[in-house]
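> Prediction below, plus the sequence it came from.
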Amino acid sequence: MSTPNKKMSIIVTKGTLDWAYPPFILATTAASMGLDVTLFFTFYGLGLLKKNLDLKITTLGNAAMEMPMMGMHMVMPNLVGALPGMDAMATTMMKNLIKKKGVASIPELRDLAIEAEVRMIACQMTLDLFEYSACDLIDGIEFAGAATYIEVAAQSDINLYI
């Protein structure tokens with residue numbers, strides 16, 4: 001008799017470039033280690049399932065944000081984030097850093113998650129609230145509500161909120 005796989009669930013609530021990495025990296029890593037993984041995308045996290053991604057980053061409210069520049073780390077004060085064009089500049093800097101360091105893109109990680117059979121659930125209530133339709137989102141995902149996620153979470157060994 002074989003033992004059932006361990007299970008992990010992640011609630012994905014953020015849809016910015018920097019917040020897109022943790023759920024996909026953790027999900028694909030866990031799946032590669034043999035865990036059954038479910039991602040539940042709700043509120044702004046639902047945007048990570050859109051066919052056409054245009055992910056951005058903001059410095060506002062992210063006091064820990066430091067970017068490597070000229071051999072040191074530049075801190076982005078919150079006040080600077082309020083200036084016009086700062087989000088675009090921070091997004092460009094982050095995308096360049098990701099490319100320079102050879103880190104997989106979010107579409108690549110998302111494709112890897114699909115290939116690894118990570119179960120991805122789009123929150124139906126959020127879909128309705130933000131007036132998205134299924135055709136706005138990638139293929140191969142499920143649509144369900146909080147009760148479905150609670151059933152998954154109740155059977156999971158690891159539950160994360162990102």
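Cool, got the structure.
> how about the helices in the protein?
Per DSSP state H, the chain carries helices over the ranges 17-32, 78-81, 86-100, 106-115, 124-129, 146-154.
> thought residue 16 was touching residue 54?
No. Between residue 16 and residue 54 there is no contact under CB atoms under 8 Å: 11.1 Å. Every C-beta, even on glycine, is put in place using the N, C-alpha and C of the backbone.
> neighbour-wise, which of these two wins?
Neighbour comparison, residue 16 and residue 54: the larger count goes to residue 16, with 19 against 8 (by other CB atoms under 10 Å).
> which one is that one nearest to, not counting chain neighbours?
With CB to CB, 6 or more residues apart in numbering as the criterion, residue 16 has its nearest non-adjacent residue at 5.5 Å, and that residue is residue 57.
> Pull up the gap between the one you found and residue 138, please.
According to CB to CB, to the nearest Å, residue 57 and residue 138 sit 22 Å apart.
> of the two, who's got more company?
Ranked by neighbour count (other CB under 10 Å), residue 57 and residue 138 place residue 57 first, with 21 against 18.
> Need the residue closest to the centroid of this protein.
The centroid of the chain falls nearest to residue 20 when counting by CA atoms, centre = their mean (2.8 Å).
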